[in-house]
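# Sequence plus predicted model, see below.
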Amino acid sequence: MAKNMLVKITETPPADEDHAREEAAAETGYLAVGVYTALGALPVENAEVTVYHILENGEVDTHAQLYTDVSGSVPDIELPVIHDPSQMSSYYFTNYNLRVMANNYYTVNVLNTRIFPGIKTIYKIDMIPVIAGEAGAVPEQTFIIPPSPIDIPIE
């Protein structure tokens, strides 16, 4: 089970106009991930959290690969948000994929995670223990975030 929440990051406004232009050109969003088991009751330590996206040529571009601490958390991940003016959407974001792996747990994949500029997206990942004695390949859980009405370009 994967749950997410969006939190607006508040910052003090820049002091001068040049600094404001620099910040506008370097849009950044944030991703916070917590990994748990037993429906969130117990943290999973040393789970590998990978944030990546697939390039047009099929190669994987890894943006972050971190391991959870004793509380099941990784430090906030800072990710670039690219605004494509040709999309003409009233909201813009960049899609990333998230993979969480831990020993003795099924892998969890979250595809098309949206990262918005100036927003921290929080995911709580609930890991399911592997069934003892299961033979063959261990199945993965994959969650695909579907498109939203905000993805439709404004005409």
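Received it, and whenever you're ready, just let me know what you need.
# C-alpha from now on. contacts and neighbour counts both.
Noted.
# which residues of this structure fall in strands?
2-8, 28-37, 42-43, 48-54, 60-67, 77-80, 94-101, 108-115, 119-126, 141-144 (DSSP state E).
# avg pLDDT for the shortest one?
pLDDT averaged over strand 42-43 equals 95, rounded to a whole number.
# which outside residues touch it?
Identification of contacts with strand 42-43 by Cα atoms under 8 Å, 6 or more residues apart in numbering yields 34, 35, 36, 37, 70, 71, 72.
# Can you give the strand pairings for it, parallel or anti for each?
strand 28-37 (antiparallel) (DSSP bridges).
# about what we covered before: nearest to residue 132, out of the strands of the chain?
For residue 132, the closest of these is strand 28-37, at 16.2 Å, according to Cα to Cα.
# Kindly calculate the angle that that closest one makes with strand 119-126.
10 degrees (axes from the mean of the first three to the mean of the last three Cα atoms, to 10 degrees).
# Contacts for strand 28-37 next, please.
In contact with strand 28-37 (Cα under 8 Å, 6+ apart) are residues 42-45, 47, 68, 72-81, 115-129.
# now stretch 47-66
Identification of contacts with stretch 47-66 by Cα under 8 Å, 6+ apart yields 35, 67-68, 72, 74, 77, 79, 95-103.
# what's around residue 62, how many residues?
By other Cα atoms under 10 Å, 14 other residues sit near residue 62.
# nope, residue 97 is what I meant
Residue 97, neighbours per other Cα under 10 Å, totals 20.
# Just list whatever residues bridge to it.
Counting by DSSP bridges, the residues bridging with residue 97 are residue 52.
# Please report the distance of it from residue 54.
Taking Cα to Cα, to the nearest Å as the criterion, residue 97 is separated from residue 54 by 8 Å.
# okay, and for this structure, where does confidence drop off?
1-26, 84-90, 134-138, 150-155 (pLDDT under 70).
# Now list the buried members of the contacts of stretch 47-66.
Taking 16 or more other Cα atoms under 10 Å as the criterion, what is buried in these is 35, 67-68, 72, 74, 77, 79, 95-102.
# quick one: which of those residues is nearest residue 142?
Nearest to residue 142 among those is residue 99, at 9.0 Å by Cα to Cα.
# Contacts only, for that closest one.
By Cα under 8 Å, 6+ apart, residue 99 lies in contact with 48, 49, 50, 51, 107, 108, 109, 110.
# and the third one, how many neighbours does it have?
As a burial measure, the neighbour count of residue 50 was computed by other Cα under 10 Å and equals 17.
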